[in-house]
Each structure stands twice: as structure tokens, then as C-alpha cells.
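> pasting the structure only:
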Ligand SMILES: Nc1ncnc2c1ncn2[C@@H]1O[C@H](COP(=O)(O)OP(=O)(O)O)[C@@H](O)[C@H]1O
Ligand SMILES: [Mg+2]
């Protein structure tokens, strides 16, 4: 039987836990053609939710087309256009009118076409003679979408990546073209919070206030524990209540880590799962990852490393300059602490969770945090 705890992408509804409220909100936004921004910590479930939404749209609104564009690997406008074209070709079969027009347009760019050796999907290498030609191609792709009499939901994942492009006018360019697409609902998703927030909430930036926000937080405890019981029991396994509680606590209910631990426990094959069985799996997970953690050790200074251990031992820290914290872990002065936090956030080893109560810091990778706290 297949492992009922998915740790890669989205499989289907039955392997997906909750997110009902977020899903309903996103469906409503789609139907009302409200563009939206999805922001959360890494691995909390944004991409999964986008595919869950697409799945739902397919059954409830089959007339809506969905496009998924992940720009994580893109480094410049060329890459963006290439990935855009590939995503569109994948979304619109050539037998549809829009698919046919799209293919004709792409052919007119005379790209070099290759096929992905695994998925068989086409990949385009396009050569441009100047920047104007690039912008023209981008504009044409958006115009192609907007000239169709169909409703399209277009998700761009890891959208903050456009901030890394050498082209300075990306946001203005995209905003201009997107604004003309009345029939397209855009979903902008991203994990790098400060960049995403700046793109959508900075009054001096093109996308300012242009979207509705959907926040993705931890899945509620009751939902997740019901889900874990159900997934195990429907696969003829039994798990005790204290084992489930421990899983949720140890992984801090952070979706990827909770899924990964459950996946490991299931893979171990025991029919009856109790607390010692769960703890065994926790140990396996940490020892598998140890080489990666030791690699981090090499990249960091002693002070940075000790600081991570301090934060891990605390679980999370709100007052990084409090005398108590500084003294307990022999950190030094408040300014030293601030600098260390800054550099570790920059490296994305620490996560800063901003709320009305202030900022709360924790080690970004939950398993790494568990490993560090044992040192
Ligand atoms: N609601 C959910 N139920 C079960 N697994 C989920 C859920 N949401 C996400 N996952 C799983 O958690 C992991 C991280 O989710 P992902 O959507 O990739 O996060 P993000 O895009 O926010 O970084 C993936 O392996 C995914 O399969
Ligand atoms: Mg993602």
C-alpha cells in the first residue's frame, strides 16, 4: 500500500489535511476574480494548497483553466519567459483554441525545443536580439491569455524571485501587463516574507495594495491529529493518542516536518505504533540528516553556532537582548546578539515570526532545531 503521508508534492484530496477555510477563501477569490497573495514560512503548505485549489476548481468549475508557474529556479527575465511559456503549454492542450494560438506564437519565436527526459514536456530555448524583443515576448504571452474568452487562474510560486533579477523594472512591467488581463486571476505565492511583504505592501512599489492576502499558518491541532489517526487506521495501522500528541509537539505542527515524521513511522512498517516507536523514528530522522547539519557547522562561526544552539534550547526567543537570555547562554552584549540574529536570519537559519506581540525567533528547520537542542 502507498504511504498515506505525502512528502513531495500534492497527490489528491485524501492525502491532504484540512485547509478548508483557506480553500474556501481562495475559491471565493477565484470566482470573484480577486488576485491574491499567499505568504507563509517555507514548507508550511502553500504549493500544496495551490494544487488542492486547482483540484477543487477542476471538479466544481471545470470551465476555469489553471496555470501553475514556479519561478524558484529563474535568474532573469529570459528564464521567466521560458518558464511562463512552458507552464502555459502544459496548461492549454494544443487541441484547444487557446493552446493552438499559444503554440503558433511560441513557434514564431523560433525557439530551440527539447523535451524533458522525465516528464516529456517541451522546453524552449529562445534567443533574443535585444531587451525590447524580450519585453515584447512577455507582453504577447500575457496578451494571448487576456484575448481569450475563458477564465484563467494563474499561480506564480516563489514570486519574490523576481527581486533577484538583474532587470530593474520587473515589477512595473508585470503589473502593467497583468492589469490588462481582466479574465485572469493571479495568485502570488512566496516564502521570503520580507520580500513578499515589500512587493505587496510598500506604497512606492507597483503591486502595492493590488491583492487580497491569504495567510497559511499551522494546521489546527485537532484537525491534524484526526488526520493522522485516520491515515494510519485506514491503512490498517493503530497509533496511540500519546504517540500522536508527541508527533505534533515534536514537529511543532509544521506541515512538512509533521508529514515527514509520519511518513517515516509508516515506512518502518509497525502495525501498532506507540510512543517508543515514534521516538525511534525521530532518532532515525535526525541521524539521517546529521551530515547536512555538520556541513552547516563548517559554514558558521563559533558564535553563530552557539547562538543557534541557544535558540534551539529555548525553542523560541522573543527578547533577544534580554539580560536573562544573554547571561544564560554567555552571548555577550545586546548589540552582539542583534548582529548574530541578523546574520542568521540572512542565512535563513533563523526564522523571524512577526506578530502584534513582537518578533519571535526560532531555528527555521524544525528537525535541525531538535538536533541542536540535544547538543
Ligand atoms: N494540508 C496538507 N496536508 C498534508 N500534507 C501537506 C499539506 N500541505 C502541505 N503538505 C506537504 O507538506 C510539504 C510542504 O508543503 P509545501 O506546499 O511544499 O510548502 P510551501 O510551498 O509552503 O513551502 C509537502 O511535502 C506537502 O506535500
Ligand atoms: Mg512551495
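Thanks, I have it. As the structure is a computational prediction, the values presented were derived from the model and not from experiment. Ligands and ions are numbered 1, 2, ... in the order given.
> can you give me the helices in the stretch 51-200 of the chain?
Per DSSP state H, counting those that start in this stretch, the stretch 51-200 of the chain carries helices over the ranges 77-91, 97-108, 131-146, 170-179, 193-201.
> average pLDDT across the longest one?
Helix 131-146 shows a mean pLDDT of 93.
> The shortest one now?
Helix 193-201 shows an average pLDDT of 93 in the prediction.
> buried set for that helix?
193, 195, 196, 197, 198, 199, 200 (16 or more other CB atoms under 10 Å). Yep, even glycine has a C-beta here, placed from its N, CA and C like the rest.
> list the helices and strands it packs on?
In terms of contacts (3 or more CB pairs under 8 Å, 6 or more residues apart in numbering; DSSP states H and E), helix 193-201 is packed against strand 36-39, strand 184-190.
> Tell me the strands beside the shortest one, with direction?
Read that as strand 36-39. Under the criterion DSSP bridges, strand 36-39 sits next to strand 184-190 (parallel), strand 212-215 (parallel) in its sheet.
> Just the pLDDT for the residue of the stretch 101-250 of the chain found nearest ligand 2.
Distance from ligand 2 to each residue of the stretch 101-250 of the chain (CB to the ion) is smallest for residue 157, at 5.6 Å. Predicted confidence (pLDDT) for residue 157: 98.
> could you list every residue that touches the residue nearest to it when sequence neighbours are not counted?
Residue nearest to residue 157 in three dimensions, not counting chain neighbours: residue 70, with 4.3 Å by CB to CB, 6 or more residues apart in numbering. Listed by CB atoms under 8 Å, 6 or more residues apart in numbering, the contact partners of residue 70 are 47, 83, 87, 157, 158.
> The same query, at a cut-off of 10 Å, please.
With contacts defined as CB atoms under 10 Å, 6 or more residues apart in numbering, residue 70 is in contact with 47, 50, 83, 87, 155, 156, 157, 158, 159, 161, 189.
> need the residues of the chain near ligand 2, please.
By CB under 5 Å from the ion, the residues of the chain that approach ligand 2 are 46, 47.
> follow-up on the earlier one: winner for burial among the helices of the stretch 51-200 of the chain?
Highest mean neighbour count of the helices of the stretch 51-200 of the chain: helix 77-91, a mean of 20 (counted as mean count of other CB atoms under 10 Å).
> That one packs against which elements?
Taking 3 or more CB pairs under 10 Å, 6 or more residues apart in numbering; DSSP states H and E as contact, the helices and strands that helix 77-91 lies on are strand 65-70, helix 97-108, strand 122-125, helix 131-146, strand 152-157, helix 170-179.
> For residue 331, which of those is the nearest?
Evaluated with CB to CB, the helices and strands packed on helix 77-91 place strand 152-157 nearest to residue 331, the distance being 37.4 Å.
> what's the spacing between that closest one and its chain's center?
Taking the mean of its C-alpha atoms, strand 152-157 sits 14 Å from the chain's own mean (CA atoms, centre = their mean, to the nearest Å).
> Count the residues that sit near the residue of the stretch 201-350 of the chain found nearest ligand 1.
Closest residue of the stretch 201-350 of the chain to ligand 1, CB to the nearest ligand atom: residue 256 (3.9 Å). By other CB atoms under 10 Å, 18 other residues sit near residue 256.
> Surely it is in a helix?
Yes: Residue 256 sits within a helix when classified using DSSP: H, G, I helix; E, B strand; the rest coil.
> so what pLDDT did the nearest residue to it once chain neighbours are set aside get?
Spatially, and ignoring its direct neighbours in sequence, residue 256 is nearest to residue 43 (3.5 Å; CB to CB, 6+ apart). Per-residue confidence at residue 43 stands at 96 (pLDDT).
> show me what contacts the spatially closest residue to residue 139 that is not a sequence neighbour?
Computed as CB to CB, 6+ apart, the closest residue to residue 139 that is not its neighbour in sequence is residue 177, at 5.6 Å. Applying CB under 10 Å, 6+ apart to residue 177 gives the contacts 135, 138, 139, 140, 141, 142, 143, 145, 146.
> how about a cut-off of 8 Å?
Residues near residue 177 by CB under 8 Å, 6+ apart: 138, 139, 142, 143.
> Which helix or strand contains whatever residue of the stretch 1-150 of the chain ends up closest to ligand 2?
Closest contact between the stretch 1-150 of the chain and ligand 2, by CB to the ion, is at residue 47 (3.3 Å). Per DSSP states H and E, residue 47 falls inside helix 46-60.
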